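1. give me a model of this one.
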Amino acid sequence: MAMTTELGEQKQLKEVAGIPLQATTVDNWSQIQKFEAKPDDLLICTYPKSGVEKASAMPSPRILRTHLPTQLLPPSFWENNCKFLYVARNAKDCMVSYYHFQRMNQILPDPGTWEEYFETFISGKVPWGPWFDHVKGWWEIRDRYEILFLFFEDMKRNLKHEIQKVVHFMGKNLDETVLDKIVQETSFEKMKENPLTNRSTVPKSILDQSISPFMRKGTVGDWKNHFTVSQNERFDQIYREKMEGTSIKFCMDL
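-> Got it, this is the predicted structure:
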């Protein structure tokens, strides 16, 4: 019984500066904030379920990952002028992917029905906070720091071109053969089979892949299979309000 209570408590989200986060993250908050970044670190930043696995297969010095919004990042990253790679995915596909991820993730709160989750997501009551603020936060500071801002949809359209951008950003040169090899290895199909990226070795008590695979579809436009017409209209309205004044443009379909 103690075990289930413990797991139940773990699944509850706690807040830091108004952003809902996993309990374990919040419990270690002071440690996280004290993290010492090195000047040649590359920090890959994404909102959850935005396709960061591809980037981790690319060559570099120390590669770190975070889902933190800009305002919660440990200060040493800014102080050491680290390089940041931000991968953004359109909000509708992101919502769908996050919904299925929360269904199978036994450590996060149960998302409830799709209708319920739709409300949770647009109100930003999901782990790591609102998608809108997260994406806007990183977009607005992209010229002030060494930030390469990439879109998941561009990766689907022309992966080689996006990988070339990353290689260039990291100050490296790769010959065509190596580049093609990376493109091959980071294709969704290949990564879905790879235990290092498909999370198949994670115990079922944490990620229950019988509910939904960790790497589900990795497509653009799957939101059309989930959103009702009225949800879509409502979402578009909310999107316009929340993203007003920002120059960021997303592709909703390929």
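2. next, the closest residue to Q22 other than its chain neighbours: secondary structure please.
-> Nearest-residue entry for Q22: P127, 5.9 Å, with adjacent residues in sequence omitted and distances by C-beta to C-beta, 6 or more residues apart in numbering. C-beta here means a position set from N, CA and C on the backbone, and glycine is covered the same way. Three-state assignment for P127 (DSSP: H, G, I helix; E, B strand; the rest coil): coil.
3. from H100, how far off is P127?
-> 14 Å (C-beta to C-beta, to the nearest Å).
4. returning to what we had before: got a list of what the residue nearest to Q22 touches?
-> Neighbouring residues of P127 by C-beta atoms under 8 Å, 6 or more residues apart in numbering: 13, 20-22, 48, 67, 108-109.
5. helices along the stretch 1-150 of the chain, start to end?
-> Under the criterion DSSP state H, counting those that start in this stretch, the stretch 1-150 of the chain contains helices at 2-11, 23-27, 29-33, 53-56, 76-79, 91-104, 114-122, 131-140.
6. minimum distance to L207: which of those helices has it?
-> Proximity to L207 (C-beta to C-beta) singles out helix 91-104 among those, at 5.8 Å.
7. tell me the angle of the closest one relative to helix 131-140?
-> 120 degrees (axes from the mean of the first three to the mean of the last three C-alpha atoms, to 10 degrees).
8. distance from helix 91-104 to the middle of the chain?
-> Remark: helix 91-104 is offset 11 Å from the chain centroid, using C-alpha atoms, centre = their mean, to the nearest Å.
9. over to stretch 62-79?
-> With C-alpha atoms, centre = their mean, you get 14 Å for stretch 62-79.
10. got it, and stretch 241-249?
-> The answer for stretch 241-249 is 19 Å, by C-alpha atoms, centre = their mean.
11. pull the CA atoms of that stretch into PDB?
-> C-alpha atoms of stretch 241-249 as PDB (Å, rounded to 0.1, in the frame of the first residue of the first chain):
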ATOM      1  CA  GLU A 241      -4.400  35.300 -28.700                       C
ATOM      2  CA  LYS A 242      -1.500  33.700 -27.000                       C
ATOM      3  CA  MET A 243       1.000  34.000 -29.900                       C
ATOM      4  CA  GLU A 244       0.000  37.600 -30.900                       C
ATOM      5  CA  GLY A 245       3.000  39.800 -31.600                       C
ATOM      6  CA  THR A 246       5.500  36.900 -32.100                       C
ATOM      7  CA  SER A 247       7.000  36.400 -35.500                       C
ATOM      8  CA  ILE A 248       7.300  32.600 -35.200                       C
ATOM      9  CA  LYS A 249       5.600  30.600 -37.900                       C
END
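12. quick one: residues in contact with that stretch.
-> If you take C-beta under 8 Å, 6+ apart as the criterion, stretch 241-249 is touched by 88, 130, 132, 135-136, 139-140.
13. pLDDT score assigned to the nearest residue to Y145 once chain neighbours are set aside?
-> With C-beta to C-beta, 6+ apart as the criterion, Y145 has its nearest non-adjacent residue at 6.3 Å, and that residue is F84. At F84, the predicted lDDT confidence score is 94.
14. in contact with F84, which residues?
-> F84 neighbours (C-beta under 8 Å, 6+ apart): 42-45, 77, 138, 145-148.
15. let's see which of those end up in strands.
-> 42-45, 146-148 (DSSP state E).
16. among those, who's most crowded?
-> C45 (26 neighbours; other C-beta atoms under 10 Å).
17. just list whatever residues bridge to the residue nearest to that residue when sequence neighbours are not counted.
-> The spatially closest residue to C45, leaving aside those adjacent along the chain, is Y86, at 4.7 Å (C-beta to C-beta, 6+ apart). Per DSSP bridges, the residues bridged to Y86 are C45, F149.
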